[in-house]
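> dropping a prediction and its sequence here:
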Amino acid sequence: MAAEDLAAVIVPRADAHQGEYVADADARLAWLTGFTGSAGFAIITMDRAGVFIDGRYRVQVRDQIDLRHMQPVPWPETRPSAWLREVLPQGGRVGFDPWLHTRREIEGMEEALADSA
């Protein structure tokens, strides 16, 4: 992250096809966090990691992630942009793989963070 001057990276549970099922080879979220639910994503900074999960996974996520290094984040109650503003009050570049997000997702995040530091 430092080499790319990134303050955070978004890691979704998605593949390039945005399908419901993700092949093991594309299971980045599970590989990174241990969380195997069918929906969610993580935002990783240099000193914090949030695993965003909906109500179906609030118990499962606590059993699968390392709570010493990651925190479950209730989503959509907590918007990713609000979490980023809290953990990165000085702002910074957010990295993502454009093959794993929809244009709408990225444009929404850019809009929500447009006036951040």
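Everything's here; your move. Since the structure is predicted, the reported quantities are computational estimates derived from the model, not experimental observations.

> contacts and neighbour counts: CA atoms only from here.
Fine.

> any idea which element residue 84 lies in?
Using DSSP states H and E, the element containing residue 84 is helix 80-87.

> mind checking the pLDDT average for that helix?
In this model, helix 80-87 has an average pLDDT of 90.

> in the protein, which spans are strands?
In the chain, the strands defined using DSSP state E lie at 8-12, 41-45, 49-53, 71-74, 94-95.

> need these in TSV (columns: mean pLDDT and distance to residue 18).
Converted to TSV, the strands of the chain look like this (pLDDT from 0 to 100; distance: least, CA to CA, whole Å):
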stretch	mean pLDDT	distance to residue 18
strand 8-12	93	10
strand 41-45	95	13
strand 49-53	96	17
strand 71-74	96	22
strand 94-95	90	19
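
> could the ones you listed go into TSV alongside distance to residue 27 and mean neighbour count?
Listed next are the strands of the chain as TSV, based on distance: least, CA to CA, whole Å; neighbours: other CA atoms under 10 Å:
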stretch	distance to residue 27	mean neighbour count
strand 8-12	9	21
strand 41-45	11	22
strand 49-53	14	23
strand 71-74	18	19
strand 94-95	18	18
